[in-house]
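Novice: Give me a 3D structure for the following:
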Amino acid sequence: MLAEPSPEALEQAARLSPARDWDGVPERARRLAARSHHLVLGPDLRDPVDFIICWTPDGAEGSREITRASWDISQVLRLADGWSIPVVNLANGRGPDRIAQLLRKLGKGG
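Specialist: All right, here's what the predicted structure looks like:
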C-alpha cells in the first residue's frame, strides 16, 4: 500500500467530496479520503476491486443511504457508486449469501 496518496487521488477525492470548501477540510481528512481511492481503485487508480465488504450500523451500501452512522466510509460508498462496484454491508444480515453470489459471478467460488 502506498504511504501517501497520490496527487491524482487527492484531486479525485476533492471532486467527489460533499464538502463545499475542500480547502477548509483538514489535511488529515483530505489524505484519508484520497487514500480511499487507492484502496478501491489500486495504486494507479485504474484497477478497481471486484466488490467491497463493509459493516456500518446503518447498513449503507450506496451513497444514497449514507447517514452519520456510515460517514466514516462515505467516500468509499460514493466511489463504489461511481464505478458500479457492488457493496456488501454485513450489518444487513445477507452478507454471506451476497458474497457467495458475487464470487460465483466472478468465477471465484462455489
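Novice: Now for the residue nearest the centre of the chain: which residues touch it?
Specialist: Among the residues of the chain, the one closest to the centroid is residue 76, at 1.8 Å (Cα atoms, centre = their mean). Contacts for residue 76 (Cβ atoms under 8 Å, 6 or more residues apart in numbering) come out as 36, 39-40, 52, 54. The way it works is simple: take the backbone N, C-alpha and C, and place the C-beta from them, glycine included.
Novice: again, 10 Å this time
Specialist: Taking Cβ atoms under 10 Å, 6 or more residues apart in numbering as the criterion, residue 76 is in contact with 33, 36-37, 39-40, 52, 54, 63, 70, 85, 87.
Novice: May I see the domains of this structure written out as residue ranges?
Specialist: According to automatic domain parsing, the chain comprises the domains 1-47, 49-110.
Novice: Show me the shaky parts of this structure.
Specialist: 1-2, 109-110 (pLDDT under 70).
Novice: switch to 80 and redo it
Specialist: Residues of the chain that meet the criterion pLDDT under 80 lie in 1-3, 108-110.
Novice: Tell me where it has strands.
Specialist: Assigned by DSSP state E, the strands in the chain fall at 52-54, 87-89.
Novice: Name the stretch among those that sits most buried.
Specialist: Highest mean neighbour count of the strands of the chain: strand 87-89, a mean of 21 (counted as mean count of other Cβ atoms under 10 Å).
Novice: Check which helices and strands that strand is in contact with.
Specialist: Here strand 87-89 touches strand 52-54, helix 74-83, helix 95-105, going by 3 or more Cβ pairs under 10 Å, 6 or more residues apart in numbering; DSSP states H and E.
Novice: mind redoing it with 8 Å?
Specialist: Packed against strand 87-89 by the contact rule (3 or more Cβ pairs under 8 Å, 6 or more residues apart in numbering; DSSP states H and E) you find strand 52-54, helix 95-105.
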